[in-house]
Every structure is written in structure tokens, then in C-alpha cells.
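> 3D model of this:
(2 chains)
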Number of protein chains: 2
Amino acid sequence: MLHEALKSDSNRIIRIIASLSSPLEFRSPLIKEADALEVRLDMITEPINDALHQLRNSFDGPIILTMRSSDEGGAYAGGTGRLWERISPYLSDIDMVDLEIRFQDHAERIKSHNKSVIASCHRNDMPGEQELQNLMDTLHGFGDIIKIAVQPQNQQDILTLLKSTSTCPYPVIMSVTGTVYRYARPLLCLFGSLYTYCYIESATSPGQYSIREMQLLSHLLTPGFVDPWFEGRPVRSGDVSGFLERSQEYRKKLEYQ
Amino acid sequence: MLHEALKSDSNRIIRIIASLSSPLEFRSPLIKEADALEVRLDMITEPINDALHQLRNSFDGPIILTMRSSDEGGAYAGGTGRLWERISPYLSDIDMVDLEIRFQDHAERIKSHNKSVIASCHRNDMPGEQELQNLMDTLHGFGDIIKIAVQPQNQQDILTLLKSTSTCPYPVIMSVTGTVYRYARPLLCLFGSLYTYCYIESATSPGQYSIREMQLLSHLLTPGFVDPWFEGRPVRSGDVSGFLERSQEYRKKLEYQ
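Just a heads-up that it's a prediction; the model follows:
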């Protein structure tokens, strides 16, 4: 399948987290085309033990467990106390837990279970450059990876975000909220964001791209990759035999020029 | 056809110049999907009077005449003197002439024929920020639109280019040379570059995108455009009836939210 070829392109720097908000999506064939998965536990009401266990056994990449609070765009209205009882049953089948600043007290306990912490913050405004730096430091204080999603108001804000991402001293996932500047999502990966969040069936955040759209963007924006195969052919179907070989050969040729 | 729908999307800020390097391309059905055309006269050896005249009568957008010098990546090795006899036979069928700094003495004569001048500079290195500003001023001194193509060496250089483009006081087309950071081509349009150059049959500059690829990028990176139609359907074929209506309706909904 073409998308497997895209996924294994080693030059690719836009990497995709599929954000799952229903157990139905757990069984989507698109799952295997993501680089990592996020389970949005706050949006899921049915029991997922078996489904998550099957996902763990079949998916070959990191799985993130997320309880997004209603204050940061999610559906979890409970406090810090109840968080542990909601997430702990699933820890054995996941690799990382997304924790907002308000839930940071759980970070040590999660790490003691040999799980990584994504320390996250989501805002509907745009902090200044220094405020953004301070936020990075705060999140790094309890997380292995930091994740920031803010809302740029103009082009200058996007430049600030690109620059702050490219110089961030910590492993970082940078994103934007809102639909107007949604195009900053793939751009931030070009400047150092480890991943971008996408959806399979329905968006978990306004402005999010679908995994199909982001795969195209990832392919077209991969640095230095000029794909002779891509020209004039259907993107989503067709004969892809030899695709990887041809593209690698072509890249080699470019390097020797 | 889908691409006509894409072309008429008023939100779109990545606009495409198809760079034509052979009379064969003049007759391509892809012509009509470009926003503007560039005739690379330096790469064309056969007479084009009739072909250009037909193009003028059928194409509904600006046509640029370009004699790229061998010093700036083209095939024209003649001097300033011979330039006029090469371009003057075609002036009645075009709208703008691309003039490098070395050919600037022709600018007034071209303007006196009621044609616009694109004042251009192409380099295989990356100027500093101040040097870039000075270059903009120099080009603005003889051109109606300025066009700069330089070669970024790292991410910082790309940030410099994006910033300089977004704050440029003149109408500007900004681009990059080389394949490594080719992804800066569509990005620069998001930050104020009027156009990006693409090819139909064969690239006229290393790292150039095809018009098909750039149409996809243009569509996917259009600000604030979330296209429900796009989801899970083939990009290059299929039933597109009602595409515009649906997407406009959807945008309206977003605005009212």
C-alpha cells in the first residue's frame, strides 16, 4: 500500500499521532498508518479494556493516554483526585500519559510505572515569546516531552511559534488551536515539533487535519524529496511496486549532483 | 473539473505561476489551472510567435516573458544589447517582463510599452537579513514587482526569509533555489509571496514543484479552510458536483460559530 511506503520514508519529518475519540476508530485500517496513537479517554464513555489491549498488541508505535480537561478543550470535568482511578486501569497497555499542568501531581507516580509523561498546555490565546519560554520550562519540570497548543492571531505569532519551536531545548510537540491558522500544524513539524495530531473519523480539536490530508502534506513537504513517481499519478491508489527503491535511487542521484 | 474549483477558491493564498520551457507545454490542458504563466524564452529555441499569440487569446491571466541568464540559472548567455531584439517581438502578447539586475537598463523601455517589470535576482547562497533588505530596495528601483530566489542553508535562514517576506514593503515574489529546502516554496506564499513558480512537464529550476503537487498544497494549506468533501475521497478524480457550494456553506458555518 502506498501509505506504508510514505510511512517508511526516512526523510520524512512530519510525523503523525492519530487522535482516537471512539472505540470504533480503534479498528480503523488507518491506525497502522499513524506513527503514534492518542486515546482520548475523556471523550470515550464505553469500556475500552479489551479494545485497547488488542490495539496494544497490533500497533507498532507509542500509545498515549489522554484525559483532556474541559478547561483545555476536552470533556473531563473531574478533579485531580479522580484522574488516577480513570487512567490507572489502562497503564499496562500504553506508553505515555498526557498530563495538563493542573494534573502534574500525578507525574511521579506515572513515571514510577515506567511510563513517560507528556506535559501539556492548551490555550485559546497567544502568549508572548518570553511567556512561551517560561511555559516550556514549567512543562519540562514534570514532563519527558512537552506539548503546547496556542492560538496565533497573526503571521508574526506564527513566526514566533516556529522560532520558539526550532530553538526549544526540550523534546517538544507544538501545535495551534483554532481553524484560521490551522496550516501552522504541519509547518511546526518542519521546525522541530516531534508530532502533529490528526483524526481518523472526527476531529478532536478544531482545525485538526485528517490523517489522509496530513499524509499528503508530509509527503509533499519532506525536505529535499523530489518524487518522480508522484507526477501525474493518482495519489491514493495505483501500482506502488518499486516506489521506495525508485525514490531512494532518485535521492541518491540528487546527492551526487 | 476539481482543479477549477480549487482555482476559484477565494481564500487561497498560494497562487501558481506555471513556468513554460517548451511550446509543447503551451498546449497542455494544465495551463488553464495556473494563475499566471511564465514563458522561459531562454530555454526555447523554436519560433513561438503563433503559439504565444494563441496562448494570449486563450489564457485569462498575466503572462510573463523571461530571459534567464546563464549566470542566474538560465540558458541565455547573450549580453544586455541583444536582449531587446530577443524579447521585443513578443511584447504585444505578454503582460510582464522578468529583468535581472544586469538587464535593468531595459526597464524604462519596457514600461513605456505599458508592460510591467518583474525585477529579479537568483542566487545560490543566502544573504544576511540586511543584505536582503538592500537587495529588495535595489530591485524595487527598477521593477514593479520584485522577485528574489536565494538558497537557505538552515532553518534559521528560512525563518529570516519568511520574516523578510512578511514585512517586505513592495509587491514581492520570494522563492528558494535548490532541492533541500524546497518546502519553503509554498511556505513563502503563506507569508506574503504573491506567487510560486511550478512546472508542467519539466522543472525550470531544481526543487520546483509540479503544478499538480502545488495545487494540493495550495488546497491543504489554505487558511481556515476545513473541507469536509476532501475526506476519504480521491483527490484527482470523482464527482465534484456541488463541491464549491458545499465548501462555501461549510466555511459560512465556521464563521458563524
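> Return stretch A:81-99 as PDB; C-alpha atoms alone will do.
Taking C-alpha atoms only, stretch A:81-99 is exported to PDB below (Å, rounded to 0.1, in the frame of the first residue of the first chain):
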ATOM      1  CA  GLY A  81      -8.200  13.200  42.700                       C
ATOM      2  CA  ARG A  82     -10.400  11.100  40.400                       C
ATOM      3  CA  LEU A  83      -7.900  11.200  37.500                       C
ATOM      4  CA  TRP A  84      -5.800   8.300  38.800                       C
ATOM      5  CA  GLU A  85      -8.800   5.900  39.000                       C
ATOM      6  CA  ARG A  86      -9.700   6.800  35.500                       C
ATOM      7  CA  ILE A  87      -6.300   6.200  33.900                       C
ATOM      8  CA  SER A  88      -4.700   3.600  36.100                       C
ATOM      9  CA  PRO A  89      -6.600   0.600  34.700                       C
ATOM     10  CA  TYR A  90      -5.100   1.200  31.200                       C
ATOM     11  CA  LEU A  91      -1.400   1.900  32.100                       C
ATOM     12  CA  SER A  92      -0.200  -1.600  31.200                       C
ATOM     13  CA  ASP A  93      -1.300  -1.100  27.600                       C
ATOM     14  CA  ILE A  94       0.000   2.400  26.900                       C
ATOM     15  CA  ASP A  95       3.500   4.100  26.800                       C
ATOM     16  CA  MET A  96       2.800   7.700  27.700                       C
ATOM     17  CA  VAL A  97       0.300   9.800  29.700                       C
ATOM     18  CA  ASP A  98      -0.700  13.300  28.700                       C
ATOM     19  CA  LEU A  99      -0.900  15.400  31.800                       C
END
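> residues in contact with it?
A:38-39, A:41, A:48-49, A:52-53, A:55-56, A:62-68, A:76, A:78, A:103, A:106-107, A:109-110, A:113, A:115-120, A:142-145, A:147 (Cβ atoms under 8 Å, 6 or more residues apart in numbering or on different chains). C-beta: built from backbone N, CA, C; applies to glycine.
> Are any of the residues you listed buried, and if so which?
A:38-39, A:41, A:48, A:52, A:55, A:62-68, A:76, A:103, A:106-107, A:110, A:115-120, A:142-145, A:147 (16 or more other Cβ atoms under 10 Å in any protein chain shown).
> Endpoint to endpoint, stretch A:111-126 covers what distance?
Start-to-end span of stretch A:111-126 (Cα to Cα, to the nearest Å) is 31 Å.
> I meant to write stretch A:113-124 there.
Using Cα to Cα, the two ends of stretch A:113-124 sit 33 Å apart.
> Is it in proximity to chain B?
No. Judged by Cβ under 8 Å from any Cβ of the partner chain, stretch A:113-124 and chain B are separated, with a smallest distance of 13.1 Å.
> before we move on, back to that, which of the buried ones among the contacts of stretch A:81-99 fall in helices?
Counting by DSSP state H, the buried ones among the contacts of stretch A:81-99 place A:52, A:55, A:107, A:110 in helices.
> Closest one to chain B out of those residues, please.
Closest approach between those and chain B, by Cβ to the nearest Cβ: residue A:55, at 21.3 Å.
> Just give me how far the helix or strand containing residue A:84 sits from the chain centre.
Using DSSP states H and E, residue A:84 maps to helix A:80-87. Helix A:80-87 has its C-alpha centroid displaced from the chain centroid by 23 Å (Cα atoms, centre = their mean, to the nearest Å).
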